[in-house]
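[1] Build the 3D model from these lines:
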Amino acid sequence: MNTLHLTSSTCHASTINLPGSKSISNRTLLLAALADNTSEIYDVLDSDDILHMLNALKILGVKIEQLPNAEKESGLNLRIYGCNGKFPQQQAELFLGNAGTAFRPLTAVLAILGGEYYLHGVARMHERPIGDLVDALKTAGAIIEYKGKTGYPPLQIYPAQTPTNHLLSIKGNVSSQFLTALLMALPLTGQAYTIKVAGELISKPYIAITLKLLQQFGVQITHKNFQIFQLPAGQHYHAQEKLFVEGDASSASYFLAAGLLSGQPIRVNGIDANSIQGDIAFVHELEKIGARVSWGNQYIEISRSPEQEILPFDIDANHIPDAAMTLAIIALACKNTCRIRNIASWRVKETDRISAMATELRKLGAKIIETEDSISITPPTTLHSDVHISTYDDHRMAMCFSLVSLLGTSVYIDDPQCVNKTFPNYFKIFASMCTPV
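    This next block holds a predicted model:
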């Protein structure tokens, strides 16, 4: 297994160009493929999760062309020939790795459209629940069979029955991607639907992204407090001629945190106060605990004045589950216990992130209290040095723990290439803004 040694470092003033948002990239690709026209999409994230979606669309018969790109590292520029709401290939086997943003929406779309499809992924994807989505789809006439453990991938999809039930219920407390999948699939029927969310809906900002993108593709869905969603009949997908993918706000969290930890001004290009991504709220959390924030047109810059300490925090992070992982590392720079709450969704991500984070933080000397949906972190007086951080094949574990090198200690990141899932050149960019101490 490869290991990356990050020596104790500080940052110098830097500007970082963000990769495209994973959430926006995969949603946009699927919607463009289902549109009734051709579109061009710019700054699509170039990473493993996106390649799984692109490969699946090509297998399903969607014609996709790569357009020239003057700046190699700014992402993919693609021309998508929409298939007007019906994939040419009615039978296919799709391998989707560990890409939830590909697996869940494709499951819903293929189940609603009908055909015979086998969807599978890596071992961890087969441990990530999908039963709530499958139950809702079956209510709408889908025929889906579990090929392994009930409630989990892999899945076999068969031609759907004519839907008779237009009132669907979906649980909201496991993953917002289940609701996103339904919202993206049901307009393909051309019929009216009402979707009710059972219980609390987690990660509402990700549903807001979905609704915004559906609107860009000509589909209007209204909702009452994110609990009841109304889809009018007679809608279909039509793409704008050119679409641009925002920079990834979740990926921005590591660089913005580096500005807070080091005190040096770190600017990220590609997002601003008008971003449709919920993780932009991470910036406000940094501001509460001591960050100096500058907002601009298509950029955010964070620094910290020398006399300003980083303040301890107790945060309900349900609205920013991915970016909240970065706060767990920032907690090591505080002088008191910090707590991150309402993060049960961490348990069903690329790994059990509460357990993984607790294990690795303890290696550094931190005292951890872990519950089913929270983590409390008490930093040690001095961090342990040269600790090997296990990354659990989870890109965010690797990127989060790189920040430990800014806290006066060196650290080893095991299996650093796991960042290929969303940010293949992360460590190259991180090194570009660091100076060894």
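[2] Pro265 touches Glu301, doesn't it?
    Yes. Pro265 is within contact range of Glu301, at 5.5 Å (criterion: C-beta atoms under 8 Å). Bear in mind the C-beta positions are built from the backbone N, C-alpha and C, glycine included.
[3] which residues are common contacts for those two?
    Gly259, Ser294 (C-beta atoms under 8 Å, 6 or more residues apart in numbering).
[4] So between those two, which is more surrounded?
    Higher neighbour count among Pro265 and Glu301: Glu301, with 20 against 17, using other C-beta atoms under 10 Å.
[5] Just say helix, strand or coil for that one.
    On the three-state scheme (DSSP: H, G, I helix; E, B strand; the rest coil), Glu301 is labelled strand.
[6] which residues does it bridge with?
    Beta-bridge pairing of Glu301 under DSSP bridges involves Arg267, Ser294.
[7] Touching, it and Ile271? I think so.
    No. The pair Glu301 / Ile271 is not scored as a contact, 11.6 Å apart, by C-beta under 8 Å.
[8] if I look at the residue nearest to Ile266 when sequence neighbours are not counted, how far off is Ser303?
    Distances taken as C-beta to C-beta, 6 or more residues apart in numbering put Gly259 closest to Ile266, at 3.5 Å, once the chain neighbours are dropped. Distance, Gly259 to Ser303, using C-beta to C-beta, to the nearest Å: 5 Å.
[9] any residues in contact with both of the two?
    With C-beta under 8 Å, 6+ apart, Gly259 and Ser303 have common neighbours Pro265, Ile266, Ala291.
[10] Apart from its chain neighbours, what residue comes closest to the last one?
    Read it as Ala291. Closest to Ala291 by C-beta to C-beta, 6+ apart is Leu260, at 4.6 Å.
[11] in a strand, that's where Tyr42 is, yeah?
    Yes. Under three-state DSSP, Tyr42 falls within a strand.
[12] Just give the number of residues close to it.
    Tyr42 is flanked by 16 other residues according to other C-beta under 10 Å.
[13] returning to that earlier point: give me the number of residues near the residue nearest to Ala291?
    A count of nearby residues for Leu260, using other C-beta under 10 Å, gives 26.
[14] Same question for Gln220.
    Using other C-beta under 10 Å, Gln220 is surrounded by 12 other residues.
[15] what do you get for Val437?
    Neighbourhood size, Val437 [other C-beta under 10 Å]: 12.
[16] what about the residue nearest to Asn17 when sequence neighbours are not counted, neighbour count?
    With sequence-adjacent residues excluded and distances taken as C-beta to C-beta, 6+ apart, Asn17 is closest to Asn269, at 5.0 Å. The tally of other residues near Asn269 (other C-beta under 10 Å) stands at 16.
[17] show me the contacts for Asn269.
    By C-beta under 8 Å, 6+ apart, Asn269 lies in contact with Thr15, Ile16, Asn17, Leu18, Gly247, Gln298, Tyr299.
[18] can you pull the contacts of the fifth one?
    Spelled out, that is Gly247. Counting by C-beta under 8 Å, 6+ apart, Gly247 has contacts Asn17, Leu18, Pro19, Gly20, Ser21, Asp43, Val268, Asn269, Gly270, Ile271.
[19] Would you convert the residues you listed into TSV that also reports secondary structure?
    Output for the contacts of Gly247, formatted as TSV (three-state DSSP):
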residue	secondary structure
Asn17	strand
Leu18	coil
Pro19	coil
Gly20	strand
Ser21	coil
Asp43	strand
Val268	strand
Asn269	strand
Gly270	coil
Ile271	coil
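[20] For Asn336, which non-adjacent residue is spatially closest?
    Of all residues not flanking Asn336 in the chain, Pro312 sits nearest, at 4.1 Å (C-beta to C-beta, 6+ apart).
[21] on that earlier part again, thought the residue nearest to Ile266 was touching Ser294?
    No. The criterion here is C-beta under 8 Å, and Gly259 misses it with Ser294 at 10.0 Å.
[22] out of those two, which sits in the busier spot?
    Gly259 (26 against 11).
[23] For Glu65, give me phi and psi.
    Phi and psi for Glu65, reported as degrees, to the nearest 10, are phi -120, psi 140.
[24] is it in a bridge, and if so with what?
    Beta-bridge pairing of Glu65 under DSSP bridges involves Arg79.
[25] so it sits right up against Leu76, yeah?
    No. With contact defined as C-beta under 8 Å, Glu65 does not reach Leu76; the gap is 10.9 Å.
[26] other SSEs contacting the helix or strand where Ile16 lies?
    For Ile16, the host element (DSSP states H and E) is strand 14-17. For strand 14-17, the packing partners by 3 or more C-beta pairs under 8 Å, 6 or more residues apart in numbering; DSSP states H and E come out as helix 249-262, strand 266-269.
[27] Domain map for this structure?
    Domain ranges of the chain: 3-19+249-436, 22-232, per the TED database.
[28] start to end distance for the longest one?
    Chord length of domain 22-232, first to last residue, is 28 Å (C-alpha to C-alpha, to the nearest Å).
[29] can you tell me the average pLDDT over that domain?
    For domain 22-232, mean pLDDT rounds to 96.
[30] what does stretch 403-422 give?
    In this model, stretch 403-422 has an average pLDDT of 97.
[31] For that stretch, list the C-alpha coordinates in PDB.
    The C-alpha trace of stretch 403-422 is given here as PDB (Å, rounded to 0.1, in the frame of the first residue of the first chain):
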ATOM      1  CA  LEU A 403      -4.600  19.300   7.500                       C
ATOM      2  CA  VAL A 404      -2.900  17.700  10.600                       C
ATOM      3  CA  SER A 405       0.400  18.600   9.000                       C
ATOM      4  CA  LEU A 406      -0.500  22.300   9.600                       C
ATOM      5  CA  LEU A 407      -0.800  21.700  13.300                       C
ATOM      6  CA  GLY A 408       3.000  21.400  14.100                       C
ATOM      7  CA  THR A 409       3.300  17.600  13.500                       C
ATOM      8  CA  SER A 410       4.100  15.300  10.600                       C
ATOM      9  CA  VAL A 411       1.700  12.600   9.500                       C
ATOM     10  CA  TYR A 412       1.600   9.600   7.100                       C
ATOM     11  CA  ILE A 413      -1.500   9.300   4.900                       C
ATOM     12  CA  ASP A 414      -2.000   5.600   3.900                       C
ATOM     13  CA  ASP A 415      -3.500   4.900   0.500                       C
ATOM     14  CA  PRO A 416      -3.500   8.600  -0.600                       C
ATOM     15  CA  GLN A 417      -4.700   7.700  -4.100                       C
ATOM     16  CA  CYS A 418      -8.200   7.100  -2.700                       C
ATOM     17  CA  VAL A 419      -8.700  10.900  -3.400                       C
ATOM     18  CA  ASN A 420      -9.100   9.900  -7.100                       C
ATOM     19  CA  LYS A 421     -12.800   9.400  -6.300                       C
ATOM     20  CA  THR A 422     -13.400  13.200  -6.400                       C
END
